[in-house]
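>>> Mind looking at a prediction? Sequence and model below.
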Amino acid sequence: MAKKLTLETLAQMIRHGFDQMATKDDVVRLTRRADGLEVKIGGLEQKVGGLEQKMDEGFYAVNRRIDLLHDDLSDIPDIREEVKEHDLRIGRLERKAGTAR
């Protein structure tokens, strides 16, 4: 069965609805709080941007050093081969001179 709606019940429902509404002070307070959050977010974005720039610069420096090391180390296989050849030649010379170990 449907419940009958009395004027008293309707008045209570309307009063409850008005009690739940935000006041002008509530809206002003929320607006100020939102503005403050926007300022904080803007500051965080600037800090993050600065950190990103520092990271980019740091990674660039590290990558540059790695490239220099790569250039220096890329000759190692050739140097090893030359050392082997010299070792063989020195061994032959020592055997011919009779001073081989």
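Good, I have the coordinates. Quick caveat: nothing in here was measured; it's all calculated off a predicted structure.

>>> Sketch out the low-pLDDT regions of the protein for me.
Within the chain, the ranges that satisfy pLDDT under 70 run 1-2, 101.

>>> Now do the strands in it.
Defined through DSSP state E, the strands belonging to the chain form an empty list.

>>> Could you list the residues in contact with stretch 26-40?
When contacts are defined by CB atoms under 8 Å, 6 or more residues apart in numbering, stretch 26-40 is touched by residues residue 22. No exception for glycine: its C-beta is placed from N, CA and C like everyone else's.

>>> Kindly report the same for stretch 79-88.
Counting contacts by CB under 8 Å, 6+ apart, no residue outside stretch 79-88 touches it.

>>> The most centrally placed residue in the chain and residue 65: what is the separation?
When the chain is reduced to its mean C-alpha position, the closest residue under CA atoms, centre = their mean turns out to be residue 52, at 7.3 Å. The span separating residue 52 from residue 65 equals 21 Å under the rule CB to CB, to the nearest Å.

>>> which one's the longest helix in the chain?
Taking DSSP state H as the criterion, the chain has its longest helix at helix 24-73.

>>> Give me the neighbour count for residue 31.
The tally of other residues near residue 31 (other CB atoms under 10 Å) stands at 10.

>>> hmm, I was thinking of residue 90
Counted with other CB under 10 Å, the burial measure for residue 90 works out to 11 neighbours.

>>> what does residue 85 give?
Residue 85: 10 neighbours (other CB under 10 Å).
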